[in-house]
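Undergrad: Below are the sequence and a predicted model for it; my questions follow.
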There are 2 protein chains.
Amino acid sequence: MRELLIHRPASVRDVYISGAARLAHPDVAGAARSATRWVHTVTDEVSAALSADCQGVCAVASADAVVREWPADGGLYVLIAQGRDPGNVGTIIRTADAMGARAVLTVAGTVDVTSPKVVRASAGSVFHLPVIPHPAFGAAVDALHARGARVLGTSGGPRAVPLPEVEEDGALAEPHAWVLGNEARGLDPDETAACDLLVAIPMTGLAESLNVASAAAVCLYASQRALGAGRPAGAVDGHGGARAGTVVRWHD
Amino acid sequence: MRELLIHRPASVRDVYISGAARLAHPDVAGAARSATRWVHTVTDEVSAALSADCQGVCAVASADAVVREWPADGGLYVLIAQGRDPGNVGTIIRTADAMGARAVLTVAGTVDVTSPKVVRASAGSVFHLPVIPHPAFGAAVDALHARGARVLGTSGGPRAVPLPEVEEDGALAEPHAWVLGNEARGLDPDETAACDLLVAIPMTGLAESLNVASAAAVCLYASQRALGAGRPAGAVDGHGGARAGTVVRWHD
């Protein structure tokens, strides 16, 4: 919520906030007043009726709160192919933001990134970096190639190169995109064939595979490191107002 | 489900399986027959009534399906302090398993790791490695110290050392435990004070923090690497029967 109000104030139409939330999150209340003249104080009952899980703050925003345009070329991208779970998709967008990705691409069939569950799991990162929809996987790969980015697929198949080798050969220091497949099926054969390189994360225990958002964290952290970026200190959760509240998309 | 049937067959009392699930997951059906003589074929309606989201397979197991005893000393551990979200807790256990952790410790207040949502998010990893409950954070830290493990807390605070420095100084090549805090608050001051070292994951973008399971993935991957372990090829999701089905705990 705070991220919407601070980073995309022009997209905010109305904010509904309870008295309790105003006290608990004064930074959010202040950002709401700066973003729009339509800040409405509501009772806890009205707040709960607006959204079951909004922690007393609910905003109505236009769909352009999520930027859909390409940024300048180069660096790091993420391509989400058929991500069905809002928690995973939001978490991947949050990690992409944290690790300095330029943009996230989604393929048709992926959950709506303006849905409240994705916005919440992203901790507001959907308002930080462009999230660009594509009609098909091939179109997204073509767009990445046109921008000089190599397309790396996460895979456990026999053709996959272990991540440490990919790091050592310098591939992550050049512009590239990580492709993350569907939660249940992984990448399908067409998607696999369209990748420039398949990469496997080494594993030790009995688990057959990683959760897709966990795999994204490992890969994107390796990329950030190779690209030479990274502030010294990032937090792990415990970030107050960023996830407080619900954002409702306003269809213009 | 498959992981329960294969790794803890003696804990399985009954398996209820629909005709469709028997065809879709023949490996699960076979493992069920090997685990128990009480495999019951049920209709889709009965299966759905047993558990809303069981994909046609439901098992009743005793609580000892999750091992609670300490393994041999040394290596890598994970300590979950007040993990409230079953998806996060299950995903952390799955990653701990994948990266070769010896055991996961939980502190009272963490969600029940035998709950269906945790079991499902863990993709069966709760049946692969010990998950040891502790009454309080201090008791868990004492138990880790008694086994020669250094306790590393994930934190964004000013005292935290960036992860690459911790990797370079060799700290991850010795026995250690990663402490993961509550999703909303992170580590509280008492928990922070009890850690031997606070570690920060460098970040580049506008995100204030990482999801706790994503942070776990980054830290545990670094540990696996430092400990010199790791099979060359791990998969990313798409692992068929491991997550199919629901496990219901049987209170003896």
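TA: On my side now, so go ahead.
Undergrad: Would you mind measuring from A:R8 to A:S34?
TA: 12 Å (C-beta to C-beta, to the nearest Å). Where you see a C-beta, it was placed from the backbone N, CA and C, and this is true even at glycine.
Undergrad: So those two - more neighbours on which side?
TA: Set side by side, A:R8 and A:S34 show more neighbours around A:R8, with 21 against 11, by other C-beta atoms under 10 Å in any protein chain shown.
Undergrad: got a pLDDT number for the closest residue to the more buried one other than its chain neighbours?
TA: Once its chain neighbours are removed from consideration, A:R8 has its nearest residue in A:A65; the separation is 4.4 Å (C-beta to C-beta, 6 or more residues apart in numbering or on different chains). Turning to A:A65, the model gives it a pLDDT of 89.
Undergrad: repeat for A:S47
TA: The pLDDT attached to A:S47 in the predicted structure is 87.
Undergrad: can you check A:M1 too?
TA: Confidence score, pLDDT, at A:M1: 81.
Undergrad: Below-threshold pLDDT in chain A: ranges please.
TA: Counting by pLDDT under 70, chain A has low-confidence residues at A:229-252.
Undergrad: show me where it has strands.
TA: Listed in chain order, the strands found in chain A under DSSP state E are A:12-18, A:39-42, A:57-62, A:76-80, A:103-107, A:131-134, A:150-154, A:161-162, A:176-180, A:197-200, A:209-210, A:235-236, A:246-250.
Undergrad: could you dump the ones you listed to JSON lines with mean neighbour count and distance to chain B?
TA: Formatted as JSON lines, the entries for the strands of chain A read as follows, by neighbours: other C-beta atoms under 10 Å in any protein chain shown; distance: least, C-beta to the nearest C-beta, whole Å:
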{"stretch": "strand A:12-18", "mean neighbour count": "22", "distance to chain B": "18"}
{"stretch": "strand A:39-42", "mean neighbour count": "16", "distance to chain B": "23"}
{"stretch": "strand A:57-62", "mean neighbour count": "24", "distance to chain B": "15"}
{"stretch": "strand A:76-80", "mean neighbour count": "27", "distance to chain B": "9"}
{"stretch": "strand A:103-107", "mean neighbour count": "24", "distance to chain B": "11"}
{"stretch": "strand A:131-134", "mean neighbour count": "19", "distance to chain B": "13"}
{"stretch": "strand A:150-154", "mean neighbour count": "23", "distance to chain B": "4"}
{"stretch": "strand A:161-162", "mean neighbour count": "17", "distance to chain B": "5"}
{"stretch": "strand A:176-180", "mean neighbour count": "28", "distance to chain B": "7"}
{"stretch": "strand A:197-200", "mean neighbour count": "22", "distance to chain B": "4"}
{"stretch": "strand A:209-210", "mean neighbour count": "26", "distance to chain B": "4"}
{"stretch": "strand A:235-236", "mean neighbour count": "24", "distance to chain B": "3"}
{"stretch": "strand A:246-250", "mean neighbour count": "21", "distance to chain B": "16"}
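Undergrad: Name the residue of the stretch 1-150 of chain A that lies nearest to chain B.
TA: Of all residues in the stretch 1-150 of chain A, A:G100 sits closest to chain B, at 2.9 Å by C-beta to the nearest C-beta.
Undergrad: Could I get the full set of helices for the stretch 151-252 of chain A?
TA: Counting by DSSP state H, counting those that start in this stretch, the stretch 151-252 of chain A forms helices over residues A:163-168, A:189-194, A:212-226, given from the N-terminal end onward.
Undergrad: and chain B, which of these is closest to it?
TA: Nearest to chain B among the helices of the stretch 151-252 of chain A is helix A:212-226 (3.9 Å), distances taken as C-beta to the nearest C-beta.
Undergrad: helices or strands up against that closest one?
TA: In terms of contact count using 3 or more C-beta pairs under 8 Å, 6 or more residues apart in numbering or on different chains; DSSP states H and E, helix A:212-226 is assigned the packing partners strand A:76-80, helix A:86-98, strand A:150-154, helix A:163-168, strand A:176-180, helix B:86-98, helix B:212-226.
Undergrad: what does the stretch 1-150 of chain A have sitting close to chain B?
TA: Proximity of the stretch 1-150 of chain A to chain B is assessed by C-beta under 8 Å from any C-beta of the partner chain, with A:3, A:7, A:87, A:91, A:94-101, A:121, A:123, A:125, A:128-129 identified as the residues in range.
Undergrad: let's see it at 6 Å
TA: By the criterion of C-beta under 6 Å from any C-beta of the partner chain, the positions of the stretch 1-150 of chain A lying close to chain B are A:G87, A:T91, A:R94, A:T95, A:D97, A:A98, A:M99, A:G100, A:S125, A:H128.
Undergrad: Spatially, and excluding backbone neighbours, which residue is closest to the second one.
TA: Yep, that's A:T91 we're talking about. Ranked by C-beta to C-beta, 6+ apart and with sequence neighbours excluded, the top spatial neighbour of A:T91 is A:A213, at 4.1 Å.
Undergrad: and what of the last one?
TA: Among residues not flanking A:H128 along the chain, B:L206 sits closest, at 4.1 Å (C-beta to C-beta, 6+ apart).
Undergrad: can you check A:A29 too?
TA: A:R22 (4.6 Å).
Undergrad: Could you count how many residues lie near the one you found?
TA: A:R22 has 17 neighbouring residues, counting by other C-beta under 10 Å.
Undergrad: Does it touch A:A31 like I think?
TA: No: with contacts defined as C-beta atoms under 6 Å, A:R22 does not count as touching A:A31, sitting 11.9 Å away.
Undergrad: And the contacts of stretch A:93-106?
TA: A:71, A:75-80, A:122-123, A:125-126, A:128-134, A:140, A:216-217, A:220, A:224, A:229, B:203-207, B:210-211, B:214 (C-beta atoms under 6 Å, 6 or more residues apart in numbering or on different chains).
Undergrad: again, only using 7 Å
TA: A:70-71, A:75-80, A:113, A:121-123, A:125-126, A:128-134, A:140, A:213, A:216-217, A:220-221, A:223-224, A:227, A:229, A:234, B:203-207, B:210-211, B:214 (C-beta atoms under 7 Å, 6 or more residues apart in numbering or on different chains).
Undergrad: contacting residues for A:K117?
TA: For A:K117, the set of contacting residues under the criterion of C-beta under 7 Å, 6+ apart consists of A:P86, A:G87, A:G90.
Undergrad: Now tabulate those in TSV and tack on neighbour count.
TA: Formatted as TSV, the entries for the contacts of A:K117 read as follows, by neighbours: other C-beta atoms under 10 Å in any protein chain shown:
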residue	neighbour count
A:P86	20
A:G87	23
A:G90	27
